[in-house]
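1. when you get a sec, could you give me coordinates for this:
(one chain, ligands or ions: 1)
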Amino acid sequence: MPPLLRVPYTDPLPSPRIIPTSAATASGAIAALVDFLTAHSHNGSAAVARERGDVGASNSTVLLTGAGISVASGLADYRGANGTYTLNRKYVPIYFNEFCASHEARKRYWARSFLGWTNLHKARPNAAHRAVGRLGELGIVGRVVTQNVDSFHAHAHPALPTTELHGYLRSLVCLSCANEYPRSTFQTQLSALNPAWAAFLAEMVATGALDTENPAERRAKGLVTNPDGDVDLPNAPYSTFRYPACPACVAAPPRAPDGRMARVDVDDDGAWAPGSTGGILKPAVVMFGESIPAATKTAAERAVDAASRILVVGSSLATYSAWRLVKRARENGMPIAILNMGGVRGEEAFFAHVPEGNTGRAAVRCSEDADKILPQVVKILADVKRERKGES
Ligand SMILES: [Zn+2]
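-> This is a model prediction of the structure:
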């Protein structure tokens with residue numbers, strides 16, 4: 001098997017065919033999703049779950065989420081109406097090889113990330129993330145697999161396990177020694193190493209250009225925060241930006257891949273110095289062009305195999321790593337539901353054999369805002385559970 005690379009996919013996608021046709025309205029979509037999530041699964045756990053008063057089979061749904069679920073938190077989507085690819089056709093994310101090989105590319109990346117972090121750090125999970133947590137408490141969702149790197153799932157529902165397919169921005173990882181460090185501490189270090197940038201950032205914060213409550217205003221002032229937490233800032237002098245080296249590697253230089261000792265030099269203030277051959281810190285995300293760790297890939301596959309149905313929320317499945325999980329669910333014979341604004345890659349194949357008279361339990365495809373729909377779905381499911389408990 002070739003390694004699973006994360007690559008951007010930017011071809012336009014056709015509009016979805018809504019399934020069932022009644023799901024074309026918000027109330028119809030809510031009803032179809034309730035039907036989907038309460039359908040009895042084919043595996044044996046459904047009876048046990050019903051005895052315990054759970055709706056449907058216990059923990060039988062796996063949830064797959066993408067950037068669309070975080071839009072209501074003030075983060076940009078990749079492909080929606082206000083998405084990164086839609087508003088800024090020239091947006092080119094940094095690739096892993098470029099980050100590893102080029103000091104200049106890292107300066108540009110960290111300068112943009114330095115400005116974008118304030119916004120990301122302030123952003124909070126929204127009603128959709130909280131609804132996902134409630135689905136976990138109701139025994140309907142057993143695991144979340146997310147493409148997002150914003151840590152919102154972990155914050156909104158720490159008790160419901162989440163597999164972060166593309167890693168997380170809350171930490172940095174050293175390319176030489178694999179030690180991890182918190183991103184918030186790193187931000188303070190970037191401020192100290194780059195006082196002019198820190199002053200500029202303070203000004204941006206003061207003018208409200210980075211205000212998460214005002215994404216439209218922020219866009220009007222020429223700043224766009226991308227889902228990976230960086231900010232577009234054309235023509236900025238990136239070349240002067242400085243970033244810290246891994247402190248563990250500064251203290252004890254690691255071995256380079258060729259077996260020789262790596263050199264980790266820093267300037268007088270502790271910034272990574274060109275000519276060093278190790279101690280480079282990278283965000284703990286899977287960058288474009290980078291392989292997903294084998295353990296993460298396996299965990300996501302196991303989550304799909306252990307479930308009896310899959311619900312996709314806020315993802316166009318444009319990245320192969322997410323698309324193949326739904327393909328896997330399809331091959332397992334699992335019902336599929338997709339709640340996403342706009343088209344989804346290859347979705348015709350996922351809904352090729354929807355039975356006549358399907359009201360949601362066999363398949364759902366709706367194009368609505370997750371933060372409007374999911375809380376309503378949860379409300380109905382909680383009522384159903386209460387009624388069933390009252391009957392027994
Ligand atoms: Zn290190």
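2. how many residues are close by the residue lying closest to residue 305 once chain neighbours are set aside?
-> For residue 305, the nearest residue in space outside its immediate sequence neighbours is residue 332; the separation is 6.6 Å by Cβ to Cβ, 6 or more residues apart in numbering. C-betas here are computed from N, CA, C, even on glycine. Other residues near residue 332 come to 13 when the count uses other Cβ atoms under 10 Å.
3. residue 332 and residue 304 touch, don't they?
-> Yes. Between residue 332 and residue 304 there is a contact at 7.0 Å, judged by Cβ atoms under 8 Å.
4. might one say that residue 37 is in contact with residue 384?
-> No. Residue 37 is not in contact with residue 384 according to Cβ under 8 Å; the separation is 9.8 Å.
5. quick one: which of those two has more around it?
-> A count of neighbours by other Cβ under 10 Å puts residue 37 above the other of residue 37 and residue 384, at 27 against 16.
6. OK, contacts around residue 36?
-> Residue 36 makes contact with 309, 311, 335, 337, 360-361, 363-364, according to Cβ atoms under 8 Å, 6 or more residues apart in numbering.
7. secondary structure, pLDDT and neighbour count added to those residues, as a markdown table?
-> Formatted as a markdown table, the entries for those read as follows, by DSSP: H, G, I helix; E, B strand; the rest coil; pLDDT from 0 to 100; neighbours: other Cβ atoms under 10 Å:
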| residue | secondary structure | pLDDT | neighbour count |
| --- | --- | --- | --- |
| 309 | strand | 96 | 25 |
| 311 | strand | 98 | 27 |
| 335 | coil | 96 | 23 |
| 337 | strand | 98 | 27 |
| 360 | coil | 96 | 25 |
| 361 | coil | 94 | 19 |
| 363 | strand | 97 | 22 |
| 364 | strand | 98 | 30 |
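8. need those residues in TSV (columns: distance to residue 379).
-> Written out in TSV, the entries for the contacts of residue 36 read as follows (distance: Cβ to Cβ, whole Å):
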residue	distance to residue 379
309	20
311	17
335	22
337	18
360	17
361	19
363	23
364	18
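9. show me which pair in these is furthest apart.
-> 311 and 361 (12.4 Å; Cβ to Cβ).
10. I'd assumed residue 170 was in contact with residue 151.
-> Yes. Applying Cβ under 8 Å as the test, residue 151 and residue 170 come out as touching, 4.9 Å apart.
11. please enumerate the helices of the stretch 51-200 of the chain.
-> For the stretch 51-200 of the chain, the helices defined by DSSP state H, counting those that start in this stretch cover 84-87, 96-101, 103-122, 127-137, 152-156, 183-193, 195-207.
12. buried sites along the third one?
-> Neighbour counts using 16 or more other Cβ atoms under 10 Å place 105-120 of helix 103-122 among the buried residues.
13. in these, which has the lowest confidence score?
-> In terms of pLDDT, residue 119 ranks lowest among those, with 77.
14. that one contacts residue 112, doesn't it?
-> No. Assessed by Cβ under 8 Å, residue 119 is found out of contact with residue 112, at 11.5 Å.
15. alpha carbons of stretch 357-364, as PDB, please.
-> This file holds the C-alpha atoms of stretch 357-364, laid out as PDB (Å, rounded to 0.1, in the frame of the first residue of the first chain):
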ATOM      1  CA  GLY A 357     -39.600   4.600  -0.200                       C
ATOM      2  CA  ASN A 358     -36.500   5.500   1.800                       C
ATOM      3  CA  THR A 359     -37.400   8.000   4.500                       C
ATOM      4  CA  GLY A 360     -33.900   8.400   5.800                       C
ATOM      5  CA  ARG A 361     -32.900   5.100   7.400                       C
ATOM      6  CA  ALA A 362     -31.200   3.800   4.300                       C
ATOM      7  CA  ALA A 363     -29.600   7.100   3.100                       C
ATOM      8  CA  VAL A 364     -29.700  10.800   3.700                       C
END
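16. identify the single longest helix in the protein, thanks.
-> As assigned by DSSP state H, the longest helix anywhere in the chain is helix 370-391.
17. got a list of what residue 104 touches?
-> 238-239.
18. endpoint to endpoint, stretch 132-142 covers what distance?
-> Stretch 132-142 has an end-to-end distance of 10 Å (criterion: Cα to Cα, to the nearest Å).
19. just give me how far that stretch sits from the chain centre.
-> Between the mean C-alpha point of stretch 132-142 and the mean C-alpha point of its chain there is a distance of 19 Å (Cα atoms, centre = their mean, to the nearest Å).
20. buried residues in it?
-> 132-136, 138-142.
21. any chance of these in CSV, with distance to the ion and pLDDT too?
-> CSV is the format used below for the buried residues of stretch 132-142 (distance: Cβ to the ion, whole Å; pLDDT from 0 to 100):
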residue, distance to the ion, pLDDT
132, 35, 98
133, 35, 98
134, 40, 97
135, 39, 97
136, 36, 96
138, 43, 95
139, 42, 93
140, 42, 95
141, 37, 96
142, 36, 95
